[in-house]
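1. any chance you could fold what I've pasted below:
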Amino acid sequence: MKSIILGLTAIGLASAVSAQTKWDLPSGYGANTFQTKNLEQFAADVKAATGGKLEITVHSGASLFKQPEIKRAIQTGLAPAGEFIISGLANENPLFGADSIPFLATSYADAKRLYDATKPVQAKVLASQGIKMLFSVPWPGQSLYSVKPINSADDFKGTKMRAYNPATTKIAQMLGAAPVTIQLPELSQALATGAANNFLTSSASGADGKLYEQVKYFYPVNAWLPRNVTAVSQKAFDALDKPTQDAVLKAAAEAEVRGWAASEKVDSDSIAILKANGVTIAPPSDSVKAALQKIGETMTNEWLASAGPDGKAIIDAYRKK
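-> Here you go, the predicted structure:
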């Protein structure tokens, strides 16, 4: 009798083990970023809500897949889930670049409205590729740093503006500055040698990279707030039972709300660090705002021309709200 009981217990334990699902969730960002910490909390919430039935392991710092490879890994089944920056896919489909149209949404409130308008369209495109969007969280906005004060749009003329993608190159050119391609780790040295005079990056990059040692003027223009998306293979999601699916969706909704709040706090904390280190924090002048607005209108129209009817629907929905 004892051996029968032990046998049944062993069968029960084996069933419990086989019922457990494990997901790897690769991210291209470091373990200490607020985005990765949010992913870790999401994974912990899912594990707690499912009693360990679904265990998600976050692989940060591009340790499993490099950032540009993560979406493809989900799509092909190499990873059941993952996190990627959605605008990094704009070359694949212009609709993925909606959140990075310069000077369209220049605050967290506007970025949230743009996300609400964009989400159904982007989710539909991802769904057609077998990917289910779970949640999306922005980085702090791309703002303006300068070695010298920028009092009017004319002050950009003849300066060297750091560029790191086609959009920042075009912005520099439209402002009358000379775009210079410099990667973020090399920026401090470039500023020290006069190879760059001004640039767009987030408050967090400035604080973390100690760029305040070289630049003393910061203008929170929030050119765009690029978003990360956390997604799962539809096949992997469908393989879960209904209670586990519900737990994942609930944890995802909480992660989105928590992530947006964390991003806003990182932004304000980083600006405080810049200020504490002698950086002048000032709103852009009317002249600069007008110039940036004009650039935004031009680049929005260019994006609309490439994004088609779905792109128009996004912008129309955003502007109605």
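2. give me the distance between the closest residue to residue 66 other than its chain neighbours and residue 274.
-> Nearest non-adjacent residue to residue 66, counting by Cβ to Cβ, 6 or more residues apart in numbering: residue 28, 6.4 Å away. Bear in mind the C-beta positions are built from the backbone N, C-alpha and C, glycine included. Distance, residue 28 to residue 274, using Cβ to Cβ, to the nearest Å: 25 Å.
3. just residue 138 next, same as before
-> Residue 138 is 19 Å from residue 274, by Cβ to Cβ.
4. now do residue 238
-> On the measure of Cβ to Cβ, residue 238 and residue 274 end up 46 Å apart.
5. more crowded one of the two?
-> Between residue 238 and residue 274, residue 274 has the larger neighbour count (other Cβ atoms under 10 Å), namely 22 against 10.
6. which residues does that one contact?
-> By Cβ atoms under 8 Å, 6 or more residues apart in numbering, residue 274 lies in contact with 203, 206-207, 212, 218, 281.
7. buried members of those residues into PyMOL, please.
-> If you want just the buried ones from the contacts of residue 274 in PyMOL, going by 16 or more other Cβ atoms under 10 Å, the selection is:
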select buried, resi 203+206+207+212+218
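8. phi, psi of residue 158?
-> Dihedral pair for residue 158: phi 80, psi 0, per degrees, to the nearest 10.
9. isn't it right up against residue 197?
-> No. If you go by Cβ atoms under 8 Å, residue 158 and residue 197 don't touch, sitting 9.1 Å apart.
10. which neighbours do the two share?
-> residue 177.
11. more neighbours: which of the two?
-> residue 197 (23 against 10).
12. ok, now which ones touch the more buried one?
-> Going by Cβ under 8 Å, 6+ apart, residue 197 touches 146-148, 159-161, 177, 191.
13. just residue 78 next, same as before
-> Counted by Cβ under 8 Å, 6+ apart, residue 78 has contacts 65, 72.
14. quick check: it is in a helix.
-> No. Counting by DSSP: H, G, I helix; E, B strand; the rest coil, residue 78 is not found in a helix; it is coil.
15. that one and residue 70: what is the separation?
-> Relative to residue 70, and taking Cβ to Cβ, residue 78 is found at 9 Å.
16. just the helices from this structure, written as ranges.
-> 2-19, 34-49, 70-75, 108-127, 166-175, 184-193, 203-208, 234-238, 242-276, 286-320 (DSSP state H).
17. CA atoms only for the shortest one, dumped as CSV, please.
-> Read that as helix 234-238. This file holds the C-alpha atoms of helix 234-238, laid out as CSV (Å, rounded to 0.1, in the frame of the first residue of the first chain):
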residue,chain,number,x,y,z
GLN,A,234,0.7,34.4,-29.8
LYS,A,235,1.4,30.7,-29.9
ALA,A,236,3.0,30.7,-26.5
PHE,A,237,0.1,32.8,-25.1
ASP,A,238,-2.5,30.5,-26.6
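18. doesn't residue 292 make contact with residue 103?
-> Yes. Under the criterion of Cβ under 8 Å, residue 103 makes contact with residue 292 at 5.0 Å.
19. anything in contact with each of the two?
-> By Cβ under 8 Å, 6+ apart, the residues touching both residue 103 and residue 292 are 221, 223.
20. returning to that earlier point: so which of the helices of the chain gets nearest residue 97?
-> When the helices of the chain are compared by Cβ to Cβ, helix 286-320 sits nearest residue 97, at 6.9 Å.
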